[in-house]
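Asks: Could you work out the structure for the sequence below:
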Amino acid sequence: MSNAKDIKGFATNTTPYSFTLNKKHLSSGNWDTSPAPIPANCADLFIFEAIGVKGTATGAVGYATYDVVSNGGVLGQLTLTFSDPYSGKNSCSSHTDVAGLYVSNNCPEKGGKINGTWHMSLT
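Replies: Numbers count the residues shown, from 1 in each chain. Now for the predicted structure:
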């Protein structure tokens with residue numbers, strides 16, 4: 001029986017901005033699907049999957065940092081953070097330095113295979 005944890009990331013972007021991957025990092029687990037770019041005006045886009053190491057007491061914990069792009073120029077960055085630990089509560093969060101960009105997120109607190117969702121919009 002596997003102790004591996006699994007998180008799939010999904011994004012909805014209702015902004016005219018696109019998001020290109022700048023950096024990705026896992027402090028626990030492995031990428032099954034590396035973080036993908038997020039185009040402008042998309043809904044329920046599958047963007048990544050991180051999995052724990054099968055047969056070990058590990059989870060999937062990490063982040064993906066994106067450049068926020070508008071008209072070919074970089075406005076700033078957006079970081080999507082997730083934690084599906086072996087023990088404890090799951091969590092998802094975000095941080096951006098782009099004024100007017102709002103990001104909400106949802107991640108079930110319990111479960112071994114979970115979906116994390118992020119919704120980008122303008123305030």
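Asks: show me the contacts for the residue positioned nearest the centre of the chain.
Replies: A centroid search over the chain (Cα atoms, centre = their mean) returns residue 80, at 4.4 Å, as the residue closest to the centre. Going by Cβ atoms under 8 Å, 6 or more residues apart in numbering, residue 80 touches 9, 11, 63-66, 92-94, 103, 105, 116, 118. Quick note: C-beta positions are derived from backbone N, CA and C, even for glycine.
Asks: Kindly recompute the last result at 6 Å.
Replies: The contact partners of residue 80, by Cβ atoms under 6 Å, 6 or more residues apart in numbering, come to 64, 94, 118.
Asks: which residues pair with residue 48 across the strands?
Replies: Bridge pairing for residue 48 (DSSP bridges) gives the partners residue 9.
Asks: Then residue 20?
Replies: Going by DSSP bridges, residue 20 forms beta bridges with residue 67.
Asks: these two touch, right, it and residue 37?
Replies: Yes: contact between residue 20 and residue 37 holds when scored by Cβ atoms under 6 Å: they sit 5.1 Å apart.
Asks: gap between the residue nearest to the centre of the chain and residue 105?
Replies: Distance, residue 80 to residue 105, using Cβ to Cβ, to the nearest Å: 8 Å.
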